[in-house]
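Novice: pasted the sequence and its predicted model underneath.
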Amino acid sequence: MSVLRPLDKLPGLNTATILLVGTEDDLLQQLADAMLKEDCTSELKVHLAKSLPLPASVDRPRIDLIVFVVNLHSRHSLRNVEESLHHVDATFFLGKVSFLATGAGRESHCSIHRNTVVKLAHTYRSPLLFCDLEIEDFRATMAQRLVRTLQICAGHVPGVSALTLLSLLQSSENPSLEDL
């Protein structure tokens, strides 16, 4: 079993790489395209994967941030993310993993309850973001936020580390488990 580790590869000079993992090819591609349109002082690389593990490749760049995308309308999407999490080294969860839940705007069509994803993110001590990626303005805003987070995770923002960002996000966004 191949486990993805944050320090498997050396960092590229002024390069920031994000891995979007999810079953929704079209939505992931649209999010990737929106991210690439953002102003970024770093060379931005966006990789898409349906699931982990990634194929073994010497050409694969170092991954600075992994975003697991869960479509709340698909139980398959949630199962895919849960299975992929087993292929991520624990050190990635020190600020270099986020969860993104999409489809919450049409709650009547959801086959996964929001609390299920909240508990998953809480279990892995990782930030959870909600965004309806089908709506262009929301997608553009999320792309902007992910690019900024990626720059921090890649070490391109002086004075702010991925771990610092994680502690700020957890204290401000994630409810305590008792609230669930």
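Specialist: Alright, I've got the coordinates.
Novice: how about low-confidence regions in the chain?
Specialist: 1, 7-12, 58, 106-108, 170-180 (pLDDT under 70).
Novice: ok, 80 please
Specialist: 1-13, 56-60, 104-109, 168-180 (pLDDT under 80).
Novice: which helix or strand lies directly C-terminal to the longest helix belonging to it?
Specialist: In the chain, assigned by DSSP state H, the helix with the most residues is helix 136-153. Proceeding N to C from helix 136-153, the next assigned helix or strand is helix 162-172, under DSSP states H and E.
Novice: got the angle between that following helix and helix 136-153?
Specialist: Using axes from the mean of the first three to the mean of the last three C-alpha atoms, to 10 degrees, the direction of helix 162-172 lies 130 degrees away from that of helix 136-153.
Novice: hmm, who's touching helix 162-172?
Specialist: 65, 94-96, 125-127, 149, 152-153 (C-beta atoms under 8 Å, 6 or more residues apart in numbering). C-betas here are computed from N, CA, C, even on glycine.
Novice: out of the residues you listed, what pair is the most spread apart?
Specialist: Based on C-beta to C-beta, the longest span within these runs between R125 and I152 and measures 17.0 Å.
Novice: straight-line length of stretch 81-98, end to end?
Specialist: Stretch 81-98 has an end-to-end distance of 12 Å (C-alpha to C-alpha, to the nearest Å).
Novice: check stretch 59-71 too.
Specialist: For stretch 59-71, the separation between the terminal residues is 30 Å (C-alpha to C-alpha).
Novice: give me the buried positions along that stretch.
Specialist: By 16 or more other C-beta atoms under 10 Å, the buried positions in stretch 59-71 come out as 61-71.
Novice: and for stretch 76-90?
Specialist: Buried residues in stretch 76-90, counted by 16+ other C-beta under 10 Å: 77-78, 80-81, 84-85, 88.
Novice: one step back: so which of the contacts of helix 162-172 is the most crowded?
Specialist: Compared across those, C153 has the highest neighbour count, 28 neighbours, by other C-beta atoms under 10 Å.
Novice: and the strands in the protein?
Specialist: 15-21, 43-49, 65-71, 97-102, 128-130 (DSSP state E).
Novice: which elements pack onto the first one?
Specialist: Contact partners of strand 15-21 among helices and strands, from 3 or more C-beta pairs under 8 Å, 6 or more residues apart in numbering; DSSP states H and E: helix 25-37, strand 43-49, strand 65-71, helix 136-153.
Novice: can you check the shortest one too?
Specialist: If contacts are counted by 3+ C-beta pairs under 8 Å, 6+ apart, strand 128-130 sits against strand 97-102, helix 114-123.
Novice: circling back to that earlier point, distance to A140 for the contacts of helix 162-172 - can I get that in a markdown table?
Specialist: A markdown table is the format used below for those (distance: C-beta to C-beta, whole Å):
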| residue | distance to A140 |
| --- | --- |
| L65 | 18 |
| L94 | 29 |
| G95 | 24 |
| K96 | 23 |
| R125 | 28 |
| S126 | 23 |
| P127 | 19 |
| T149 | 15 |
| I152 | 20 |
| C153 | 20 |
